[in-house]
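Asker: I would like to see how this sequence folds:
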Amino acid sequence: MSIDNHAPMDWQRLDVLLTRVRPHRERLALLLDLAVVALAWQFTYLFRLGFERWFSARPNYDGYVLLGVLALYGVALMVLHVPKGMWRFSGFGEVKRLALACGGAGLVAATVVLMAHLHGVPRAVLALHPLFTLMLLAMMRMGYRMLYEHMRSRISGSAQEQRRALVLGAGDAGRLLVAGLQHSQGWVIVGFLDDAPDKQGARVAAVPVLGRLEQAGYFAELHGITHLIIAMPGASVPERRRALDIAGKVGLPVLTVPSSEELLSGRSVNQVRDIEPEDLLGREPVELDEGGISECLNGKVVLITGAGGSIGSELCRQVARYGPAKIVLYELSEFALYTIEQELGEKFPQVSLVRLIGDVKDLEHLRFVFGKYKPQIVFHAAAYKHVPLMEEENAGAALRNNTLGTYHASLAAAEHAAERFVLISTDKAVNPTNVMGATKRAAELVISHMAGQGHATKFMAVRFGNVLGSSGSVIPKFKAQIARGGPVTVTHPDVIRYFMTIPEAARLVVQAAAIGETGQVMVLDMGDPVRIVDLARTMIRMAGHDEQEIRIQFTGLRLGEKLYEELIADADRTLPTRMPRVRIARLQEVASDDALLDWVRGVVDDRHLTREAVVAGLRNWVTEYGALPSRASDGAGLARIAQ
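Answerer: Numbers count the residues shown, from 1 in each chain. This next block holds a predicted model:
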């Protein structure tokens, strides 16, 4: 049902008229209120003196008295912020403010007139005028509210206050959006904005194209817009980023229709959602060698450790698309395993699943699993990754899980002749300054060592940066802080990070696994690094706020953190692959003896392993590890950073 059929055009014109005057609402409200005060003065005289005498019996100075009364009422109305009130929401609270204004101004006016001995003004007029004024002011507001609600019901079928949206993009997505939202109460699509010259002045689904994208601020103010919706799922990355920048500067909440990938996955175009950080990254979609990946995974048994984690679960989804014979889900958390198992069972019912509670630190269980299910492709995603948590009390746990667990999983894979073993590594393994990064770098060294032992298994590692939306990511924290009204906490104004979406990272890991050779550390193209404080500001802006409403608070770098992270060390080089988003890091040669593994294996029996012992051992084998001092000794430094 179109808007034109749903409401007469007269109501549409009235709506446009009201929205045009909305920017001047306070001044217009004050002028109308003062006009009502003057009108009530005349009605009071008429009531007191009757038709025959209501002009002739007035004193010649009555006009000056009325001007004084208008001045008093004007001051009272402004002091009580009456002109700021929105008439379409008028209720008992507004009537109380009007009563105070009328009572106060009327009392002062009567007192001044009596003290000035202006006996020509009847006392009944002085007494009744505030009551007449209050009745007329209240009636004017109630009448406007009734008219407004009736107009809303004629336009949208509901008298409830609407969310008034301006849609950026007048293409097919915008047309479908209007068609979908017109049938849901609560939305009114006021107009489109589009840069295409042939669409200017046209109508799409009976909604006008008002102007160009850069006019968003003007039309938002003119039409009383409450939300901006970006409907450009098929636009190029620069075009979409420009639209986001323009919308973000308006100062209203910004929504978007689902992306092209989300639409392909079954979401409807009218299921508008908040702007997510991945919308702000602005990178072209990942292009994969689908044939090569399918050849690597189709019909194979694939084992994924950490299968319920952020990366592990997405790896499960990506792998399932290529028709493996079986996916072995190996996960320590019961809830995480249950969650991913339920999702895969619903989305990929044709894929056989093996659901195992398991710990990569348990070598014998790994050997049993590998021996029973004979996995051909192994993705090792199980890891502890939260830098501050792993830095002190949990340093030993990080070493056991990240490094020893990698050795156990790779050893079981080699003993049972898996075809490929892929370690999920991190940019924090490059020139690490924290225990977590050093344990992941040591895990890379384990993979390098295993690759040199002549096993049939191809051992490789894939290294990438921060993943948007993963557990422990800054993004969910920023969202929660904005929802609470702030402050948004950022460690340092200059801290930068590489970011990638979870699906993007998982797809590139699968691609790297298909083309990688043994002993290689592959580096994913993470695009340009992002300044965290800029990301925080953008998220605040897209939520319809500014930094005066939600402030940013700098808390100081946490122990083990650094301002920026690299994907390859300074002494390393990279080589291209046939996939433009995947490169091979040529690392410095490492010793191939078993000394590192002997030390790592030895820590498993030491349940009282101290942080100092972990750091000392890691620095022996990870020569680039620049471990930071303990929190106690570095307190002054952290305090300086926080300032």
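Asker: give me the buried stretch members for stretch 501-518, please.
Answerer: Residues of stretch 501-518 classed as buried: 501-516, 518 (neighbour count, 16 or more other Cβ atoms under 10 Å). Backbone N, C-alpha and C define where each C-beta goes, glycine included.
Asker: typo on my end, stretch 81-100
Answerer: Val82, Pro83, Gly85, Trp87, Arg88, Ser90, Glu94, Arg97, Leu98, Leu100.
Asker: coming back round to it: so which of the buried residues of stretch 501-518 belong to strands?
Answerer: Mapping those onto strands (DSSP state E) picks out Thr501.
Asker: the buried residues of stretch 501-518 in helices, which ones?
Answerer: Mapping the buried residues of stretch 501-518 onto helices (DSSP state H) picks out 502-515.
Asker: in the stretch 251-400 of the chain, which spans are strands?
Answerer: 254-256, 273-274, 301-305, 326-331, 352-357, 377-380 (DSSP state E, counting those that start in this stretch).
Asker: worst average pLDDT in the ones you listed?
Answerer: For the strands of the stretch 251-400 of the chain, mean pLDDT drops lowest on strand 273-274, to a mean of 75.
Asker: who does that one pair up with?
Answerer: Applying DSSP bridges, strand 273-274 is found paired with strand 254-256 (antiparallel).
Asker: for Asp195, give its distance to His416.
Answerer: Applying Cβ to Cβ, to the nearest Å, the value for Asp195 to His416 is 59 Å.
Asker: neighbour-wise, which of these two wins?
Answerer: Shown here are Asp195 and His416; by other Cβ atoms under 10 Å, His416 has more neighbours (19 against 16).
Asker: Leu356 bridge partners, please.
Answerer: Beta-bridge pairing for Leu356 (DSSP bridges): Tyr330.
Asker: burial count for it?
Answerer: 19.
Asker: how many other residues sit next to the residue nearest to Asp359 when sequence neighbours are not counted?
Answerer: Nearest residue to Asp359, sequence neighbours excluded (Cβ to Cβ, 6 or more residues apart in numbering): Leu332, at 5.3 Å. Residues near Leu332, counting by other Cβ under 10 Å, number 21.
Asker: going forward can the numbers begin at 26, since that is how I track them
Answerer: I'll keep to 26 as the first residue from here, and by that count the last item is Leu357.
Asker: got JSON lines for the strands of the stretch 276-425 of the chain, with distance to Leu448 too?
Answerer: What follows is these, written out as JSON lines (distance: least, Cβ to Cβ, whole Å):
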{"stretch": "strand 279-281", "distance to Leu448": "36"}
{"stretch": "strand 298-299", "distance to Leu448": "34"}
{"stretch": "strand 326-330", "distance to Leu448": "10"}
{"stretch": "strand 351-356", "distance to Leu448": "14"}
{"stretch": "strand 377-382", "distance to Leu448": "19"}
{"stretch": "strand 402-405", "distance to Leu448": "5"}
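Asker: show me the domain layout of this protein.
Answerer: 28-180, 188-300, 315-662 (automatic domain parsing).
Asker: gap between Leu153 and Cys127?
Answerer: Taking Cβ to Cβ, one finds Leu153 at 11 Å from Cys127.
Asker: just give me how far the host helix or strand of Glu174 sits from the chain centre.
Answerer: Assigned by DSSP states H and E, Glu174 belongs to helix 148-181. Mean C-alpha position of helix 148-181 versus that of the full chain (Cα atoms, centre = their mean, to the nearest Å) differs by 43 Å.
Asker: elements contacting the next helix or strand after it?
Answerer: The helix or strand immediately downstream of helix 148-181 is strand 188-193, counting by DSSP H and E. Applying 3 or more Cβ pairs under 8 Å, 6 or more residues apart in numbering; DSSP states H and E, one finds that strand 188-193 makes contact with helix 197-206, strand 212-218, helix 241-247, strand 252-255, helix 262-273.
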